[in-house]
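Novice: Sequence first, predicted coordinates after that:
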Amino acid sequence: MRGLIQESVIPDEGLPLDGLAGRAHRGPRGALSWLRANLLTGFGGVLLLVFFGAGLLGPWLEAHQPDTLYPLSVLQAPGGDFPFGTDDLGRDLLSRILSGIRVSLSIGVGSIAVSLAAGAGLGALAGYFGGWLDALVMRVMDVIVAFPAILLAIALMTMLGGSLVNVALAIAIIYVPIFARIMRASVLSVRREQYVEAAESLGAGHARILIRHVIPNSASPILVQISLAISDAILIEAALSYLGLGVNPPTPSLGGLLIEGQGFMTTQPWMVIYPGLALTLGVFGFNLVGDSLRDLLDPRQRRR
Amino acid sequence: MGMRTYIISRLLLTFPTLFGISVVAFLTIHLIPGNIVEVMLGTRSDVTPQQIAQLNSVYGIDKPLWQQYATWAGNVLHGDLGFSLRTGLPVTTLLGSALQVTGELTLLAIILALLIALPLGTYSAVRGGGLGDSVGRLVSLLALSIPTFWLGTLLILFVSLYIPWLSSFTFVPFFDNPIKNLQIMILPAATLALGLAAILMRMTRAAMLDVLGKDYLRTARAKGLRSSRVLMKHALRNAMLPVLTIIGLQVGYLVGGAVVVENVFTLPGVGRLVVQGIEQRDYPLVQSIVFVVAALVILINLLVDLCYAWIDPRIRYS
Amino acid sequence: MTGLSWGRRRLALALIVLGSLLICAVPGQTGHAAKAGGTLTIGATSDALTLDPTVTTDEASGPVENLLFNSLVKLNDKVQIVPDLASSWTISPAGTTYTFHLRSGVKFHDGTIMTAGDVAASLARLRDPATKSPWASFFTDVSAVSTPNSTTIVIKLSQPYGPFLAVLASFLSVSSANFVTTHKGNLTRVEDGTGPYKLKSWVPNTSITLVKNPNYFVAGQPHFDTVVFQVIPSDASRVAALRTGQIQFAAFIDPIYFPQVKQVQSAGQAKIVHVLDINYHMFGFNTKRKPFDNPLVRLALSYAINRGQILKAAGQDQGVVSGLLTPALASWALPVSKYAPYTTNLAKAKQLLAQAGYPHGFSFSIMASHFLPSDYTAAEIIQQQLAPLGIKATIATTEWGVYVHDWVVRNFDSFTGENGDWTDPDLAMYAALHTGGSTNAFQFSDPTIDKLLDQARAATSVATRKALYDQIQLRLVNDGGPMIYTYASYWDYAMSPNLVGFTYIPRASYQGLIGASFQ
């Protein structure tokens, strides 16, 4: 699900062209739809706040520890002492979901942070120095992109074993090409600008050009991409947990909770419904924010 | 740079990429701890070390890695994808029958997605702005946020409880029994179609907006042609090209989604074949299939890039 | 899935009475007349890999082979050795010469007559290094094979070997020598056995269809015209398929699904044969890693855990708490009352830990795989049960292939898993516990145990062997052995209500269908 459409229309040689996905979202009633767009961003932002809040404040919100067994209350339906019910070992589902949110978030944010650092770094290098370095880096990126994300993740996880760090690393690798491409395209288009050539001939250093021109230029597509990538990362990790290759207990991610609940699906559906809902809402929040950011920040949008 | 030069340079660049893919495909499966013999024998067989050595040589895994790579790569270049270590069947046969399943799954998913996306996207573009538009965006983003395996699991649950006649467990090829086949495929295809429909809907909307704003349409309208006919004839036709291109680019998403969906619904497709192959360390099977899939993705992307370069000459200049 | 113990499970020995442990959900149907005909569709977890029992190591090929081949002898439902292709046999007083008298007129599926030469050829093929059979190691004691006439085969052993008949029952399968030669030993997808069914067609990854062998040497058997093994990988799907009648027989191992199968039974669409399987669940240690090199620590953990709770939570209470030899081996197993650590005693555990030098506990990891779901859950429970002692256990979730690899190279602190409980104590214990044993992943070495194991293997008197194995079992549990045994589990065989005559034969359960029919 690599960041929806945006990524795919960034050709090797420069920033996206006009038309297609970049086109104006705004209808004739510019002001009103700006408001609506902001409403969506607002809604997304609220969802994210709730998600983050639940994750961060979890330890204080949960009534029970996520890994404490209550053997006398096995497989209880939601209600009373256990608002979301219990699982087959008598563990409180709500607490597990809260800690699961924490795990999913840390993987999502952590992996993308690593990916951003590595990808942007590589992309900047490639775009700046060009030549064989550029060709090499981009070919490596092509190779990574060619593999369906999930297969790459499966192979990496089987190799590395299930742990928070390994999952984050595996997902990070998948996203490096995307950030690399954005950064590289940004560097390329900036360098072509005449005022940059002028600045260079006046002796401005690489660092100055990077900071004053490249980074602001690439900021918006990267910001958009971050939000979408985090949501994607959370989903990939959930899929990995589903296949048994995710994070270790006793702190399963939301995906891990889903696989735990599968065997009991027909008789204790809450074990599958609640974790899935939490997952969907979190990802939805990230997607909303990312999408709205794209609307607001993308300079090509500023038409009409 | 002329078109011809561009094509040649892109084609040349594909070769190192394909080489890189083959190495990665080979290494990833071989670097995973555990080999086919160990998986086969498990933890309870009373086997002597000599027999393990013999089995290792039967499966060719006692040779140095570079030699195994060379043998495999050489065969692939000749079109020989090798034999599955586990079942002894040729990989081409296994891939062939699995591709039929995955191919049908993706085709059905695309059809379903288009059926949902085209009308909704068009409607959204025509109405433009307003509450309907926002709701549309909300819904499409929500559709993209639902984890595929969760959706699949919920659908299975729902169907088994409320529509039992729709549940079916053994795959029947379409040409053997179309009804039974569709009975099996409809749920997984719908699961896969949801995310794709969301993407396509937004695509359709954007493309339709683009086209609707064009001058010649305004002229046609001014000439008095009825709105709906204008729409259908010109707008949609012009909007289709970008929509179709996007489908091609979403191959990666579809393949990844297929892997998950096939595992949830236990369909004998390529996704399931590869995942099982990894579990069993069936080296030739996994290597060849992963390479073929990745190569296909590269080639499709190459085709799309070439089309873009043809349409917009600016892209050819670096 | 309990995985790869099918080979072991097919072993058996006399002296075991399982009948008392069978809990049939429905009263026996022995009074009804068997009706011939019909197609039996079996729900299989995965596709068979080969039709050659000589090289079979997976769990899906065995069931099909059960119906295609015979051996010299076989097991009945009481796990006693009974005639199969051999109608009678004699064993020399020294226990080293076995003379088998074969039935005459037995036909292979291609119509040719079976002779002693075919039996000898099958055995030779099994033992031939070129065949690379993993089971050849059970026949290393065979020193000479001769066929004085076409219905007699004489096998000489270099030393007495108690389990020999059981080994023959489980690993020898008789095929036509000519057929094997014509097919150059590649019997993966073809067969020519003497069994009640023969192969009709095999659609890879989908189904295998067998048809009745009209020349089967047991009159009146089999009853079904056709048997189809339908591949349905997901447990939930098999439950649903059973409910709708698309399949009429399926085995369920994961106890999580037992309630759902019970639901199908309550709806009148299935009946269940509920049997105690011959394997045990365990928690084992790498005795070369601290702190598990100290038997006191291992004993402390044995006292600390609560086996009953593990059975309830991980096994869904579908089983019995058990030692190394499970209640299925009634004549060899010790009652768990003899095991002091089986009564949970945290105080004693604390005391032992302090004695060993770990008064404040320690940290370690438990290797567990989702491939064995009950054992994975057991690891989670054990983690909780050890916490009060200050012992911090982390669970290393390991993918199955990696799990096996790490087990092979002994790269683990501890692990949860299960072991096939062979029906002879020697086979259950020797390789796993003797110093240098091939499946001794614990790297356990205890000279006393070694001596006892060697003595028990060489002894011929059952009484002597029982006394020795009693000593071994007591020492293993009460003195901190390398493994903590928890429980033995039940399996559910679910079938259509009108399927009668199924008898559960341990380690060869699909042979139990040979006498079955639709009412």
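Specialist: Now that the structure is in, tell me what you want to look at. Numbers count the residues shown, from 1 in each chain, chains lettered A, B, ... in the order given.
Novice: where does the chain dip in pLDDT?
Specialist: In the absence of a named chain, this looks at chain A. Along chain A, the model assigns pLDDT under 70 to residues A:1-38, A:40, A:162, A:194-197, A:199-201, A:203-207, A:209-210, A:248-250, A:297-304.
Novice: um, chain C though
Specialist: Within chain C, the segments meeting pLDDT under 70 span C:1-34, C:421, C:423.
Novice: Where do the helices of the stretch 151-300 of chain C begin and end?
Specialist: Ranges of helices in the stretch 151-300 of chain C, per DSSP state H, counting those that start in this stretch, are C:164-171, C:177-182, C:235-244, C:258-266, C:295-304.
Novice: same deal with chain A?
Specialist: Applying DSSP state H to chain A gives helices spanning A:30-61, A:93-129, A:131-146, A:149-160, A:164-192, A:194-201, A:206-209, A:215-242, A:254-262, A:270-297.
Novice: winner for burial among those helices?
Specialist: When those are scored by mean count of other C-beta atoms under 10 Å in any protein chain shown, the highest mean neighbour count falls to helix A:254-262 (a mean of 26). All C-beta spots, glycine's among them, are computed from the backbone N, C-alpha and C.
Novice: angle of that one against helix C:235-244?
Specialist: Angle between the axes of helix A:254-262 and helix C:235-244 is 30 degrees (criterion: axes from the mean of the first three to the mean of the last three C-alpha atoms, to 10 degrees).
Novice: Helix A:254-262 - contacts with which helices or strands?
Specialist: Where contact means 3 or more C-beta pairs under 8 Å, 6 or more residues apart in numbering or on different chains; DSSP states H and E, helix A:254-262 is packed against helix A:93-129, helix A:215-242, helix A:270-297, helix B:148-162.
Novice: nearest to chain C, of those?
Specialist: Of all the helices and strands packed on helix A:254-262, it is helix B:148-162 that lies closest to chain C, at 5.9 Å by C-beta to the nearest C-beta.
Novice: quick one: the helices in the stretch 201-318 of chain B?
Specialist: Ranges of helices in the stretch 201-318 of chain B, per DSSP H, counting those that start in this stretch, are B:215-222, B:227-230, B:237-249, B:251-264, B:270-280, B:283-311.
Novice: Just the mean pLDDT for the third one, thanks.
Specialist: Along helix B:237-249, the predicted local confidence has a mean pLDDT of 65.
Novice: Count the neighbours of residue C:293 for me.
Specialist: 13 (other C-beta atoms under 10 Å in any protein chain shown).
Novice: swap that for residue C:175, sorry
Specialist: Residues near residue C:175, counting by other C-beta under 10 Å: 28.
Novice: what's it sitting at in phi/psi?
Specialist: When read as degrees, to the nearest 10, the backbone of residue C:175 gives phi -120, psi 160.
Novice: Export the top helix by length along chain C to CSV, keeping only CA atoms.
Specialist: Using DSSP H, we find that the single longest helix of chain C is helix C:462-478. Extracted in CSV, the C-alpha atoms of helix C:462-478 (Å, rounded to 0.1, in the frame of the first residue of the first chain):
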residue,chain,number,x,y,z
VAL,C,462,9.1,-57.5,31.1
ALA,C,463,9.2,-57.5,34.9
THR,C,464,12.9,-56.6,35.0
ARG,C,465,12.4,-53.8,32.4
LYS,C,466,9.4,-52.4,34.3
ALA,C,467,11.4,-52.2,37.5
LEU,C,468,14.3,-50.4,35.7
TYR,C,469,12.0,-48.0,33.9
ASP,C,470,10.3,-47.2,37.2
GLN,C,471,13.6,-46.2,38.7
ILE,C,472,14.4,-44.1,35.7
GLN,C,473,11.0,-42.2,35.8
LEU,C,474,11.3,-41.5,39.5
ARG,C,475,14.8,-40.2,39.2
LEU,C,476,13.9,-38.1,36.2
VAL,C,477,11.1,-36.3,38.0
ASN,C,478,12.1,-36.3,41.6
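Novice: tilt between it and helix C:295-304?
Specialist: Going by the same axes, to 10 degrees, helix C:462-478 makes 90 degrees with helix C:295-304.
Novice: distance between helix C:462-478 and the chain's centre?
Specialist: Centroid separation between helix C:462-478 and its chain, computed with C-alpha atoms, centre = their mean, to the nearest Å, is 22 Å.
Novice: Would you mind pulling the contact partners of it?
Specialist: C:15, C:162, C:299, C:302, C:323-325, C:331-332, C:334, C:338-342, C:425, C:429, C:433, C:446, C:448-449, C:452-453, C:455-456, C:459, C:481, C:483, C:485 (C-beta atoms under 8 Å, 6 or more residues apart in numbering or on different chains).
Novice: what residue is smack in the middle of the chain?
Specialist: Reading this off chain A. Nearest to the mean C-alpha position of chain A, counting by C-alpha atoms, centre = their mean, stands residue A:230 at 1.1 Å.
Novice: that answer is for a different chain, and I need it for chain B
Specialist: Nearest residue to the geometric centre of chain B (C-alpha atoms, centre = their mean): residue B:255, 2.4 Å.
Novice: Hmm, residue B:294 and it touching each other?
Specialist: No. In this structure residue B:255 lies outside contact range of residue B:294 using C-beta atoms under 8 Å: 9.5 Å.
Novice: tell me, what's touching the two both at once?
Specialist: residue A:148.
Novice: For residue C:137, give its distance to residue A:283.
Specialist: The spacing between residue C:137 and residue A:283, counted by C-beta to C-beta, to the nearest Å, is 53 Å.
Novice: do residue C:229 as well
Specialist: Distance from residue C:229 to residue A:283, counting by C-beta to C-beta: 41 Å.
Novice: before we move on, what SS does residue C:90 have?
Specialist: Under the three-state scheme (DSSP: H, G, I helix; E, B strand; the rest coil), residue C:90 adopts strand.
Novice: what's across from it in the sheet?
Specialist: residue C:99 (DSSP bridges).
Novice: from memory it sits against residue C:152, does it?
Specialist: No. If you go by C-beta under 8 Å, residue C:90 and residue C:152 don't touch, sitting 10.6 Å apart.
Novice: Need the overlap of contacts for the two.
Specialist: Taking C-beta under 8 Å, 6+ apart as the criterion, residue C:90 and residue C:152 both touch residue C:99.
Novice: Would you mind telling me which of the two has the busier surroundings?
Specialist: residue C:152 (17 against 10).
Novice: List the contacts of that one.
Specialist: Shown in contact with residue C:152 (C-beta under 8 Å, 6+ apart): C:99-102, C:116.
Novice: Tell me how far it lies from residue B:21.
Specialist: Separation of residue C:152 from residue B:21 (C-beta to C-beta) stands at 62 Å.
Novice: now swap in residue A:239 and tell me
Specialist: With the distance defined as C-beta to C-beta, residue A:239 ends up 22 Å from residue B:21.
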